[in-house]
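**Q** Take a look and give me a structure for this.
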Amino acid sequence: MPKILITGKQGQVGFELQRSLAVPGDVVAVDRTQCDLSKPEMIRALVRQVRPDIIVNPAAYTAVDKAESERELAHAVNAVAPEVLAQEAAELNALLVHYSTDYVFDGRKSTPYVEDDAANPQSVYGQTKWAGEEAIRRHHKRHLIFRTSWVFGAHGNNFLKTILRLARERDQLKIVADQHGAPTPASLIADVTAQIISQYLRRQPPAEFAYGTYHLSASGDTTWHGYAQAVLQQAMSRNMALKVESEAVEPIPTSAYPLPAPRPENSRLNTDKLRESFGLQLPSWRQGVERVMTLLSH
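**A** Numbers count the residues shown, from 1 in each chain. This is a model prediction of the structure:
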């Protein structure tokens with residue numbers, strides 16, 4: 001079986017990848033203690049020790065606001081580490097799978113972004129993720145970069161869990177209603193990754209595989225406000241104890257909730273290229289919310 005190295009096994013996507021990639025490969029999953037992505041020599045030593053056939057890198061510096069004041073650390077993890085992984089993957093002729101973000105765009109487009117739209121990141125987080133993408137493209141042809149958005153799951157910290165916690169603690173919630181995107185389950189990202197890696201492993205010679213950058217998000221779209229309402233409706237239908245009901249969530253503009261890092265107004269990603277290239281269907285974000293709520297309610 002091919003050996004698959006997964007970074008960031010404690011993260012939302014890394015956690016799910018351990019499950020989904022156990023089918024096509026022999027998984028070696030590491031966390032920050034085993035591979036600190038801010039230390040290039042640690043990354044190189046691990047890859048040379050494991051000698052994987054496939055490297056999957058869901059680990060990232062994702063504290064969007066904190067990145068504004070921790071620019072060097074964000075750059076080390078999001079830009080330098082992917083470059084090192086790409087160099088090491090090239091030496092091994094291994095496939096490199098990496099995850100990026102809607103934050104590489106400025107969010108000013110009125111329709112969903114396609115892969116070839118011009119990048120114009122507005123935050124340190126977005127800038128460092130874009131630099132990581134560019135480094136991979138520069139150093140190694142055999143790569144898959146999956147841009148995603150609004151990731152959530154039953155494992156780890158995310159908006160869905162925050163909304164549930166706040167709805168238990170507070171009498172009122174005010175949620176931004178002028179940013180648009182598709183809440184995307186970590187499990188969906190992991191399952192799609194496994195499907196595509198399985199296709200890669202069947203393709204001989206692998207030189208002809210459809211490498212490149214793809215958008216990977218759930219289908220449909222909503223706002224943070226609409227997302228919060230959907231979460232609370234699911235919670236109410238499962239008789240979870242809440243102080244706030246879905247109808248009592250107040251919509252507010254982004255301007256009413258200022259944060260250190262600017263958010264894209266439009267985070268919608270066009271997934272046609274991924275669906276057509278690999279013959280995959282992407283379920284709606286509402287299905288993902290329902291599935292995670294079921295897991296959390298048991």
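**Q** which residues in the stretch 51-200 of the chain form helices?
**A** Assigned by DSSP state H, counting those that start in this stretch, the stretch 51-200 of the chain shows helices spanning 71-75, 81-92, 124-139, 159-169, 186-202.
**Q** Show me what the fourth one is packed against.
**A** The reference is to helix 159-169. strand 151-152, strand 173-176, helix 224-237, helix 285-296 (3 or more C-beta pairs under 8 Å, 6 or more residues apart in numbering; DSSP states H and E). No exception for glycine: its C-beta is placed from N, CA and C like everyone else's.
**Q** how far off helix 285-296 does it point, in degrees?
**A** Put simply, helix 159-169 runs at 60 degrees to helix 285-296, going by axes from the mean of the first three to the mean of the last three C-alpha atoms, to 10 degrees.
**Q** and if you look at the third one?
**A** Between the direction of helix 124-139 and that of helix 285-296, the angle (the same axes, to 10 degrees) works out to 110 degrees.
**Q** So what's the residue count around T222?
**A** Neighbour count for T222, taken as other C-beta atoms under 10 Å: 22.
**Q** for it, phi and psi?
**A** Main-chain dihedrals, T222, degrees, to the nearest 10: phi -160, psi -170.
**Q** gap between it and V249?
**A** Relative to V249, T222 is positioned 13 Å away (C-beta to C-beta, to the nearest Å).
**Q** before we move on, what about A182?
**A** In this view, A182 and V249 are 19 Å apart by C-beta to C-beta.
**Q** do the same with L188
**A** In terms of C-beta to C-beta, L188 sits 25 Å off from V249.
**Q** mind listing what F105 touches?
**A** Y113, D117, A119, N120, P121, G126, P264, N266, S267 (C-beta atoms under 8 Å, 6 or more residues apart in numbering).
**Q** who wins for neighbours among these?
**A** G126 (27 neighbours).
**Q** With adjacent residues omitted, what lies nearest to that residue?
**A** Leaving aside its sequence neighbours, G126 sits nearest to Y103 (C-beta to C-beta, 6 or more residues apart in numbering; 3.4 Å).
**Q** What residues does V56 make contact with?
**A** Residues in contact with V56 (C-beta under 8 Å, 6+ apart) are I4, L5, I6, T7, L17, L21, V97, T193, I197.
**Q** right, and the last one touches V23 too?
**A** Spelled out, it's I197. No - counting by C-beta atoms under 8 Å, I197 stays clear of V23, with 9.4 Å between them.
**Q** who's more crowded, these two?
**A** Per other C-beta under 10 Å, whichever of I197 and V23 has more neighbours is I197, with 24 against 12.
**Q** what about the more buried one, distance to D53?
**A** Distance, I197 to D53, using C-beta to C-beta: 10 Å.
**Q** Identify the contacts common to these two.
**A** I4, G25, L95.
**Q** Type out the ChimeraX command that picks the buried ones from these.
**A** A single ChimeraX command selects the buried members of the shared contacts of I197 and D53 (16 or more other C-beta atoms under 10 Å):
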select :4,25,95
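**Q** separation between L96 and A22?
**A** 20 Å.
**Q** Of those two, which one has the most company?
**A** Between L96 and A22, counted using other C-beta under 10 Å, L96 has the larger neighbour count: 27 against 14.
**Q** and the gap between the more buried one and P206?
**A** Distance from L96 to P206, counting by C-beta to C-beta: 13 Å.
**Q** Need the overlap of contacts for the two.
**A** Common contact partners of L96 and P206 (C-beta under 8 Å, 6+ apart): R142.
**Q** What does the pLDDT read for the residue of the chain positioned farthest from its centre?
**A** Taking C-alpha atoms, centre = their mean as the measure, the residue most remote from the mean C-alpha position of the chain is D171, 31.3 Å away. pLDDT recorded at D171 is 89.
**Q** Tell me, how many residues neighbour the nearest residue in space to it that is not next to it in sequence?
**A** Nearest non-adjacent residue to D171, counting by C-beta to C-beta, 6+ apart: K243, 5.4 Å away. For K243, the count of nearby residues is 13 (other C-beta under 10 Å).
**Q** Alright, that wraps it up for me.
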